[in-house]
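Participant: no sequence for this one, just the structure:
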C-alpha cells in the first residue's frame, strides 16, 4: 500500500505539472450554449487544441463519480465511443479502462487504454480525477489505431445551493495519419457533445440516487 500511495502521489504531481504548463496561456471561449462553456488553446506538447469545458449541474458528487467510473456505460455519453471495459481497479481511487471508438470515415477506428486517479480534499470536498493514456498496457488490437497520448483532468466542486461546478480539460493526440485540422475539429466537437450527454446520464435513477461510500457528498 505504501508503494501504491507513492505512485499515486507521483502521478498527481506529473499530471498537474503537465496541466500547469498550459495554465499561463490565454484560454479562448469558443462556445457558450445550453449551460456549457467551451474554451480552447493550442497545446505546446502536441500542437493540437486543448479543450476546457465548464458547466454547473444540480446533482451530487457521488453521481458524477459513478458516471465517470462506469466504463461499460461510456458508449452512452462519450463521443464516438462504442465500447469500454474496466481492466484494473485495486481500490476506488485508482482504475484502468480500455475503450474503442467508432470513428467516422475516412478515419480509422481508435482504441485507448487510460489510467485514472481520484483524489478528494477532506476539507472543501473538491474532487480531482486525473487520467492519462498508457498505450503499451495491453497489445495492439487488430483493426484499431492505438491512441498514443491523452491527458485529462476533472475538477468537481460542490456548491452551497445543491449544485456542482464541473470543469473538464482534455488534450489528446489521436495518432495515425490524421491532419491536425481534422484532429482540432474532433477535439472541439467531441468534449462538448460528451458533456451534454454526460449531464443527461446524471438524471437516470441508477445514478441520481447513488451514494458512494468513499465519496464525501
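Facilitator: Alright, I've got the coordinates. Every value quoted in this text rests on a predicted model; they were computed, and no experiment measured them. Numbers count the residues shown, from 1 in each chain.
Participant: now the nearest residue in space to residue 146 that is not next to it in sequence: how far from residue 111?
Facilitator: Excluding its sequence neighbours, the residue lying closest to residue 146 (CB to CB, 6 or more residues apart in numbering) is residue 135, at 4.9 Å. For every residue, glycine as well, the C-beta is placed using N, CA and C. Noted for residue 135: a distance of 9 Å to residue 111, by CB to CB, to the nearest Å.
Participant: so which of those two has more stuff around it?
Facilitator: More crowded of residue 135 and residue 111, by other CB atoms under 10 Å: residue 111, with 20 against 16.
Participant: that one touches residue 97, doesn't it?
Facilitator: No. At 11.1 Å, residue 111 does not count as touching residue 97 under the criterion of CB atoms under 8 Å.
Participant: ignoring the adjacent residues along the chain, who's closest to the spatially most central residue of the chain?
Facilitator: Computing the C-alpha centroid of the chain and ranking residues by CA atoms, centre = their mean puts residue 152 first, at 5.0 Å. With CB to CB, 6+ apart as the criterion, residue 152 has its nearest non-adjacent residue at 4.2 Å, and that residue is residue 170.
Participant: residues contacting the one you found?
Facilitator: Contacts here follow CB atoms under 8 Å, 6 or more residues apart in numbering; on that basis residue 170 touches 50, 51, 150, 151, 152, 153, 187, 191.
Participant: thinking again about what came up before, pretty sure the residue nearest to residue 146 is in a strand, no?
Facilitator: No. Under the criterion used here (DSSP: H, G, I helix; E, B strand; the rest coil), residue 135 is coil, not part of a strand.
Participant: please tell me how far it sits from residue 147.
Facilitator: Using CB to CB, residue 135 is found at 7 Å from residue 147.
Participant: shared neighbours, the two?
Facilitator: residue 112.
Participant: mind listing what's buried in stretch 73-90?
Facilitator: When burial is assessed from 16 or more other CB atoms under 10 Å, stretch 73-90 yields the following buried residues: 73, 74, 75, 77, 78, 79, 80, 81, 84, 87.
Participant: which of the helices or strands spans the closest residue to residue 36 other than its chain neighbours?
Facilitator: Setting aside the residues directly before and after it, residue 36 is nearest to residue 55 in space (CB to CB, 6+ apart), at 4.7 Å. Here residue 55 sits within strand 49-57, counting by DSSP states H and E.
Participant: that strand pairs with which strands?
Facilitator: With DSSP bridges as the test, strand 49-57 is paired with strand 36-42 (antiparallel), strand 164-173 (antiparallel).
Participant: checking residue 95 next. Helix, strand or coil?
Facilitator: strand.
Participant: that one against residue 89, yeah?
Facilitator: Yes. Contact criterion CB under 8 Å: residue 95 and residue 89 qualify, at 4.1 Å.
Participant: what about the residue nearest to residue 59 when sequence neighbours are not counted, neighbour count?
Facilitator: Excluding the flanking residues, the one nearest residue 59 by CB to CB, 6+ apart is residue 202, at 4.7 Å. Residue 202 has 19 neighbours, counted by other CB under 10 Å.
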